[in-house]
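J.: coordinates for the following, if possible.
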Amino acid sequence: MVTDNVMVFAPAPQLTVTIEDRGSEADLHLHAGGQGVWQARMIASLGVPVVLCAALGGETGAVLQHLILEDGLDLHAVSVGTRSGGYVHDRRGGVRRSIVEAPGEPLARHELDDLYELTLVHGLSARLSILSGPARLGTIPADTYRRLAADVTGNGGLVLVDLAGEQLDAALVGGVSIVKISHEELITDGRATDDDERSLIKAATELRAAGPEAVLISRAAKPSVVLLDDVVYAVHLPVLQPAENRGAGDSMAAGVAAALVRGDSLHEAVRLGAAAGAVNVIRRGLGTGGDESIEALAEKVELREIATVTRPVLGS
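T.: Numbering: from 1, shown residues only. As a prediction, this is how the structure comes out:
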């Protein structure tokens, strides 16, 4: 039976240690992190039920399990023999500086099979599934995303992917409902030449031709570019002073997913997603934000039409 919740596929969560400045002393903050965890945390903040499917292993995995459950998330994890990843960042100088990066290790074949089975079961019963990527390429085969996308959409579910590179290519082959990607990822993938609107509109149009209903492109401090139906919009928000630019795109994807599950239109979902991303950047905790402040800010988000595009006619 399909339920009104979101399933988030987070194959490799990370243990995050951030050093902050607290007067004359260092202040340590330990959290569960990684793209999928941040997305699940934001969805839960918006009051929408969310299931997090992940692989956890080693000492870092044990700590991650405790922290994820402490966040109140509905965690369904596969215990693996490999070590979960993590990082240590120093933010005392006002800018995030990497001290240690320890990405997770690739999953063994049977571990991947167990994770796939677990994820598919919960994806088939969810209204919408988010497929997020690991911090390290190669942790799981890219074809995993093709299979998951095909199995979920083929059985009537919605799939939102927040992926790039070969993982995005694989998911598109499987079939997805919504693509969320950053302009930096588009440039790295060779899908766009820069972050100007013309280049991003071309990239969004080409991505939409692969099948998704909508394409959402986050653009750091500039207005996001979204393609909904045959109209391209620039997403404008009130000017806010950022405390942490990282994670806005993840929160945007989470807000869109939460809105769609509760029955909002795509346009309303984009407004809520943009607001969630904006609230994320005024806080220092990734994937965090109060639902009341996000809902209030969503009312001030403007979708300004910048172009119309046409779908190619089949057989032409």
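J.: which SSE is L216 in?
T.: For L216, the host element (DSSP states H and E) is strand 214-219.
J.: got a list of contacts for that strand?
T.: 177-183, 186, 195, 200, 203-204, 207-208, 224-228, 248-249, 252-253, 256, 266, 270, 273, 277 (Cβ atoms under 8 Å, 6 or more residues apart in numbering). Every C-beta, even on glycine, is put in place using the N, C-alpha and C of the backbone.
J.: next one, pLDDT for the most centrally placed residue in the chain please.
T.: Residue closest to the mean C-alpha point of the chain, counted by Cα atoms, centre = their mean, is D250 at 3.9 Å. At D250 the predicted local distance difference test score is 92.
J.: skipping adjacent residues, who's closest to it in space?
T.: Setting aside the residues directly before and after it, D250 is nearest to W38 in space (Cβ to Cβ, 6 or more residues apart in numbering), at 4.6 Å.
J.: ok, Y145 next?
T.: Distances taken as Cβ to Cβ, 6+ apart put A171 closest to Y145, at 4.1 Å, once the chain neighbours are dropped.
J.: how far away is Q39 from R271?
T.: Plainly put, Q39 is 18 Å away from R271 if you go by Cβ to Cβ, to the nearest Å.
J.: who has more neighbours, these two?
T.: Comparing Q39 with R271 by neighbour count (other Cβ atoms under 10 Å), the higher total belongs to Q39, at 34 against 25.
J.: what helix or strand is the closest residue to the more buried one other than its chain neighbours located in?
T.: Closest residue to Q39 apart from its sequence neighbours, by Cβ to Cβ, 6+ apart: A254 at 4.2 Å. For A254, the element it lies in under DSSP H and E is helix 248-261.
J.: tilt between that helix and strand 214-219?
T.: Orientation note: helix 248-261 sits at an angle of 150 degrees relative to strand 214-219 (axes from the mean of the first three to the mean of the last three Cα atoms, to 10 degrees).
J.: that older thread, and the gap between the residue nearest to D250 and L168?
T.: With distances taken as Cβ to Cβ, W38 is found 19 Å from L168.
J.: those two: who's more crowded?
T.: For W38 against L168, the residue with the higher neighbour count under other Cβ under 10 Å is W38, and the figures read 29 against 25.
J.: are we agreed that the more buried one is in a helix?
T.: Yes - under DSSP: H, G, I helix; E, B strand; the rest coil, W38 sits within a helix.
J.: show me what contacts T308?
T.: Applying Cβ under 8 Å, 6+ apart to T308 gives the contacts 230-232.
J.: among the residues you listed, who's most crowded?
T.: For those, the largest neighbour count, defined by other Cβ under 10 Å, is 24 neighbours, found at V232.
J.: doesn't that residue belong to a strand?
T.: Yes - according to three-state DSSP, the state of V232 is that of a strand.
J.: in the stretch 201-316 of the chain, which spans are helices?
T.: Along the stretch 201-316 of the chain, the stretches classed as helices by DSSP state H, counting those that start in this stretch are 248-261, 266-281, 291-298.
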